[in-house]
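[1] Test case, fold it:
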Amino acid sequence: MEYKRKVFGYECDIYGHLNNANYLHYYEEARAESLEKMNLSVHRLNELGIQIYLTEIQLSFKQSLPMGEKVTIITKIDKASRATSVWKQEIIDSSGNLCNIAYVKGVFVKNGKPTRISKDLYSLLIAFND
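    You can find the predicted model right below:
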C-alpha cells in the first residue's frame, strides 16, 4: 500500500531535515490509511473491541528528508499470526531513493489483554499483501 505526503517545515529539525520523531508519525499515518483500505479501520477495530498495541519499532535511517520533499510511504505486513503482526514500512523520496526502513511489531489486544483475532479478521489482514 502506498501513502503519499509532503515534509512540512514545522516537522523539521534545526538543520531543515525531518525530525527523527516525526518518522514515527509518518509511519502511524500510513498504517492507519492501510488499515482503512483493508476495511479494518481503527474505528471498526474499536467497535469489535480490538486494539493493536505496538511492542517494538526498529528504524533504519538511510538518507535525510529535507523540508518540502514529497515522499511515498510503502506499507506491507511482513509477518502475521492471529496474535501478532509485523509491518515493514519504507519511506521513498521523490527521486526514488530509499530514505528509511521501519519494522513495527504489534500485538492484538482485547479488554487490555493480548488476544487472538478471529479467523475472519486474520484473513482480511493476510489478504493485504496479495
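
[2] Please name the residues that touch Met38.
    Going by Cβ atoms under 8 Å, 6 or more residues apart in numbering, Met38 touches Leu124, Leu125, Ala127, Phe128. Glycine gets a C-beta too; all of them are placed from N, C-alpha and C.

[3] Show me how to select, in ChimeraX, the buried members of the residues you listed.
    Applying 16 or more other Cβ atoms under 10 Å to those leaves a buried subset, and the ChimeraX line that selects it is:
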select :125,128
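
[4] Just give me the closest of the contacts of Met38 to Ser95.
    Ranked by distance to Ser95 (Cβ to Cβ), the contacts of Met38 are led by Phe128 at 27.5 Å.

[5] What residues does the closest one make contact with?
    Phe128 neighbours (Cβ under 8 Å, 6+ apart): Met1, Ser34, Met38, Lys76, Ile77.

[6] ok, now Ile74?
    Counting by Cβ under 8 Å, 6+ apart, Ile74 has contacts Met1, Glu2, Gln89, Glu90, Ile92.
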